[in-house]
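In: what's the 3D shape of this:
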Amino acid sequence: MEQTDIEKFTEAEQYQLKAMFILHELQANKQVYGSNSSITGAAPANIDLALQYIDRSIELVPDSAIYLNLKALLLWEGNGNKEAAIPLLERAAQLSPRDIDIQNNLNAIKTSQCVVATAAFGTPLAIEVNLLRWWRDKILSKSAYGRLFVSSYYSVSPPIARFISSHNNIRALVRLLLRPIIRHAQRLKSSV
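Out: Here you go, the predicted model:
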């Protein structure tokens with residue numbers, strides 16, 4: 001590597017770390033406050049600044065799956081722009097097909113969401129939400145009763161999720177109530 005390549009890579013990594021820090025702020029705000037808004041008490045994470053940082057990283061190192069993945073997460077979780085995030089995750093998955101995190105993110109964005117769990121945990125990418133999604137796709141969808149439950153769940157869950165996401169105490173209660181199901185799904189997944 002030439003000195004200029006090392007300098008580019010170092011600069012790109014510094015910007016990526018700054019963007020990652022802001023993403024973690026966003027995720028913490030969603031988990032604790034249910035949103036990234038100061039109205040709920042959160043100190044809002046600056047998503048626009050994070051996107052500027054990661055855009056600079058991508059400008060310096062355009063074929064980095066890690067940078068593309070991070071930009072997709074900022075667009076999806078920060079701006080709610082799923083349509084812009086999907087091609088970035090697809091490109092990242094193509095560049096790094098063995099990266100489990102990227103594959104999980106791509107799967108999460110392309111499948112229907114566990115809306116109540118997402119509201120309770122603050123992000124569709126929470127480990128708990130991924131486990132519940134796995135339980136739905138690999139266990140519940142295999143039986144007629146499971147499919148009926150999933151269908152019923154999706155017909156009634158959006159208004160419930162909106163209510164949960166706007167009440168911190170309810171969010172905490174739902175997380176507590178989901179723990180046994182999550183533990184059960186985890187046991188099932190580890191036995192497969």
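
In: so where's this protein shaky on pLDDT?
Out: Where the chain drops to pLDDT under 70, the residues are 1-3, 112.

In: domain assignment for it?
Out: Per automatic domain parsing, the structural domains of the chain span 3-110, 115-191.

In: helices of this structure, start to end?
Out: Remark: helices assigned in the chain by DSSP state H are 3-33, 47-60, 65-73, 79, 82-95, 100-110, 115-121, 127-138, 144-165, 168-191.

In: Provide the contact partners of the last one at residue level.
Out: Residues outside helix 168-191 that contact it (CB atoms under 8 Å, 6 or more residues apart in numbering): 32-34, 40, 116-117, 119-122, 128, 131-132, 134-135, 138-139, 163-165. Where C-beta positions appear, they are placed from N, C-alpha and C, glycine not excepted.

In: quick one: residues contacting the most centrally placed residue in the chain.
Out: The residue lying closest to the centre of the chain (CA atoms, centre = their mean) is residue 125, at 2.8 Å. Shown in contact with residue 125 (CB under 8 Å, 6+ apart): 27, 73, 77, 104, 105, 108.

In: buried among those? Need that as a selection in ChimeraX.
Out: A single ChimeraX command selects the buried members of those (16 or more other CB atoms under 10 Å):
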select :27,73,77,105,108
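
In: picking up where we left off before, ok, of the contacts of helix 168-191, which come out buried?
Out: So, by 16+ other CB under 10 Å, the buried ones in the contacts of helix 168-191 are 33-34, 40, 116-117, 119-122, 128, 131-132, 134-135, 164-165.
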